[in-house]
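Chemist: Sequence plus the predicted model coming up.
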2 protein chains.
Amino acid sequence: MDIRPIHTAPIPVYFRLQEILTKNIENGRWKPGEAIPSERILSTEHGVSIGTVKKAIMNLVHKGYLYRIQGKGTFVGGTTLRRESLRYYRMMRDFDDVEDSLRIHFNGISLVESSDSAATHLNVAHHEPLFKLRRIFYSAERPVIWSMSFLPKYLFKDLDAQPPALFECGTLYETLEKQYGLPCVSNHELFGVQSADAELSEHLMVPTGTPLLSIEMVSYTYKNTPYEYRISYCVTDERRVFRAIE
Amino acid sequence: MDIRPIHTAPIPVYFRLQEILTKNIENGRWKPGEAIPSERILSTEHGVSIGTVKKAIMNLVHKGYLYRIQGKGTFVGGTTLRRESLRYYRMMRDFDDVEDSLRIHFNGISLVESSDSAATHLNVAHHEPLFKLRRIFYSAERPVIWSMSFLPKYLFKDLDAQPPALFECGTLYETLEKQYGLPCVSNHELFGVQSADAELSEHLMVPTGTPLLSIEMVSYTYKNTPYEYRISYCVTDERRVFRAIE
DNA sequence: CGTAATTTGTACGTATGTATG
DNA sequence: TCATACATACGTACAAATTAC
């Protein structure tokens, strides 16, 4: 019988290095877009072989944490690297249709106390201050998506002091990554149906009671920290919302 | 000035080996779950080093084409390996809710001529024979999803001769992979809203006109071949459809 | 139950090619 | 032109898991 308490798994050298690199990224010491030390430097600094450094780095490349350019270096990856589908609402008539390009209309940002549901989903205390960001997405002069985002104030200081144009070009992910160094790592969504109330019907220019596609979403950044809770309502009479799993 | 016509990119050895392995998988020579030759055998057979074989194999592991077990061997991967979210409709009340386990009711399979839209999405000729599979998914004795799938006959011979129980346990992906060796590699979806007509209202036990979540889907197997076109309608008053992007 | 053979996993080292600035 | 950095390819040795004997 084996007396040893429990089999002690030896932790590989490349894995330890991987954790060190991950920490430097998640702590914000190395920000998205910046270069990390070269293979040779990491190799001598940590006293491991080049091959081991390569293995640790390539694992993080596959996780979307890093990307490499031959002759230039190794860089910290951001949102767009991780998954193309995160970059935007994708609306189309059919599978072979071209993707609609949406125009974003900024509809105000304000500081609010977190509601029960927002607090739960963003993993913050009740009544903790949150930013509430409202936007409307237009497809060729027609409003098609109404969206309301909640973002913790402690992560995004002075978000309400940013110029409104910042919320109208590019995705919110890109903006937050550029301004605060936090990329989107993963993303949960719940799809349902909701009838348009008076406010939605006004903003989306549809009759009250029109059935809308509702998307509730929580986005996570490093360390599985939720950093955006969003509720969207979409008009899907002409175009529908596209998702791809590759 | 450089006179050479265009820079001829040298194709790496590991990449060529990768293509050979990929062909053996996609042609069905090595089926999901089966073992492929060992590193040593591939190394001597193709006259390359073990390290090069390892690199080719690991690339296919990351692509979801293969998986490895230390001491046992390297095996061809299937649907479940690729993406957990492909395994099922996932319905829940909220993000922190437990996932509902759905019971599948088989509602008949028949041979039909492809309609225009089915033919387009499945990339087959007009009037080509397709199987039409109808199922209803129950959440605790209550019907919540009505679904209709179209599958090309040329890929799934005698699918209508299979015992109905085959369509009621496990996912359709798993069944098709087990019976025909074709796993699901990728997946496109369009989300919209649809009012229940007489047929839907009867099957889903909701009043006519109830707004339903509609999901139109095309699934692809090896070589980007579409192999299932599915239309689903979901009742989302209590539970909604969950999707995760990792 | 241990032993041996097989197979993958880890870690090291070296040499050379290719891209960047 | 040159130094730097990543990419490819080879090789070796040993560890760890599995299976059959």
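Modeler: That came through fine.
Chemist: where exactly do the helices run in chain A?
Modeler: Using DSSP state H, the helices of chain A run over residues A:13-26, A:39-46, A:50-62, A:79-82, A:116-122, A:172-180, A:198-204.
Chemist: Need those helices in a markdown table (columns: distance to chain B, mean neighbour count and mean pLDDT).
Modeler: Where you see a C-beta, it was placed from the backbone N, CA and C, and this is true even at glycine. Listed next are these as a markdown table, based on distance: least, C-beta to the nearest C-beta, whole Å; neighbours: other C-beta atoms under 10 Å in any protein chain shown; pLDDT from 0 to 100:
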| stretch | distance to chain B | mean neighbour count | mean pLDDT |
| --- | --- | --- | --- |
| helix A:13-26 | 13 | 17 | 98 |
| helix A:39-46 | 16 | 15 | 98 |
| helix A:50-62 | 5 | 18 | 97 |
| helix A:79-82 | 8 | 20 | 66 |
| helix A:116-122 | 6 | 17 | 93 |
| helix A:172-180 | 12 | 19 | 92 |
| helix A:198-204 | 13 | 15 | 97 |
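Chemist: Turn these into a markdown table, columns for distance to DNA strand D.
Modeler: What follows is those, written out as a markdown table (distance: least, C-beta to the nearest atom of the strand, whole Å):
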| stretch | distance to DNA strand D |
| --- | --- |
| helix A:13-26 | 12 |
| helix A:39-46 | 4 |
| helix A:50-62 | 6 |
| helix A:79-82 | 14 |
| helix A:116-122 | 36 |
| helix A:172-180 | 22 |
| helix A:198-204 | 46 |
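Chemist: possible to save these as CSV with distance to B:Ile50?
Modeler: Shown next, in CSV, are those (distance: least, C-beta to C-beta, whole Å):
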stretch, distance to B:Ile50
helix A:13-26, 18
helix A:39-46, 22
helix A:50-62, 13
helix A:79-82, 31
helix A:116-122, 49
helix A:172-180, 40
helix A:198-204, 61
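Chemist: Ok, which of the ones you listed comes nearest B:Ile104?
Modeler: Taking C-beta to C-beta, helix A:116-122 is the member of the helices of chain A nearest to B:Ile104, at 30.8 Å.
Chemist: quick one: contacts of that closest one?
Modeler: A:114, A:125-128, A:130, A:150, A:152, A:218, A:226-229, B:95-96 (C-beta atoms under 8 Å, 6 or more residues apart in numbering or on different chains).
Chemist: 10 Å instead, please
Modeler: With C-beta atoms under 10 Å, 6 or more residues apart in numbering or on different chains as the test, helix A:116-122 has contacts from A:112-115, A:124-128, A:130, A:132, A:150-152, A:155, A:188, A:216-218, A:225-231, B:94-96.
Chemist: Contact residues of chain A facing DNA strand C?
Modeler: Contacts of chain A with DNA strand C, taken as C-beta under 7 Å from any atom of the strand, map to A:12-15, A:47-52, A:55, A:69-72.
Chemist: Go through those residues and say which is closest to A:Ser139.
Modeler: Within these, distances to A:Ser139 taken as C-beta to C-beta reach their minimum at A:Ile69, with 35.9 Å.
Chemist: Spit out the contact partners of the nearest residue to that closest one once chain neighbours are set aside.
Modeler: Using C-beta to C-beta, 6 or more residues apart in numbering or on different chains and skipping the chain neighbours, the partner closest in space to A:Ile69 is A:Phe75 (7.2 Å). Residues in contact with A:Phe75 (C-beta under 10 Å, 6+ apart) are A:Trp30, A:Pro32, A:Gly33, A:Glu34, A:Ala35, A:Ile36, A:Leu66, A:Tyr67, A:Arg68, A:Ile69, A:Leu81.
Chemist: Can you tell me which of the residues you listed are buried?
Modeler: For the contacts of A:Phe75, a burial check counting by 16 or more other C-beta atoms under 10 Å in any protein chain shown picks out A:Trp30, A:Pro32, A:Ile36, A:Leu66, A:Arg68, A:Leu81.
Chemist: Closest to chain B out of these?
Modeler: A:Leu81 (13.3 Å; C-beta to the nearest C-beta).
Chemist: Okay, and which of the buried ones among the contacts of A:Phe75 map to strands?
Modeler: A:Ile36, A:Leu66, A:Arg68 (DSSP state E).
Chemist: Tell me how chain A divides into domains.
Modeler: A:13-77, A:81-242 (automatic domain parsing).
Chemist: Quick check, the residue in chain A closest to chain B?
Modeler: Proximity of chain A to chain B (C-beta to the nearest C-beta) peaks at A:Pro211, 3.3 Å away.
Chemist: Isn't A:His127 up against A:Lys153?
Modeler: No. Applying C-beta atoms under 10 Å as the test, A:His127 and A:Lys153 come out as separate, 11.8 Å apart.
Chemist: just how off-centre is stretch A:208-218 within its chain?
Modeler: 21 Å (C-alpha atoms, centre = their mean, to the nearest Å).
Chemist: Using PDB, write out every CA atom in that stretch.
Modeler: C-alpha atoms of stretch A:208-218 as PDB (Å, rounded to 0.1, in the frame of the first residue of the first chain):
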ATOM      1  CA  THR A 208     -45.500  49.400 -28.500                       C
ATOM      2  CA  GLY A 209     -45.700  45.700 -28.000                       C
ATOM      3  CA  THR A 210     -43.400  44.800 -30.900                       C
ATOM      4  CA  PRO A 211     -41.500  41.700 -29.900                       C
ATOM      5  CA  LEU A 212     -37.800  42.400 -29.600                       C
ATOM      6  CA  LEU A 213     -34.800  40.100 -29.300                       C
ATOM      7  CA  SER A 214     -33.300  40.600 -25.800                       C
ATOM      8  CA  ILE A 215     -29.600  39.900 -25.100                       C
ATOM      9  CA  GLU A 216     -28.400  40.100 -21.500                       C
ATOM     10  CA  MET A 217     -24.600  39.900 -21.400                       C
ATOM     11  CA  VAL A 218     -21.800  39.800 -18.900                       C
END
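Chemist: for A:Ser43, what are its contacts?
Modeler: A:Ser43 touches A:Leu17, A:Pro37, A:Ser49, A:Ile50, A:Gly51, A:Thr52, A:Val53, A:Lys54, counting by C-beta under 10 Å, 6+ apart.
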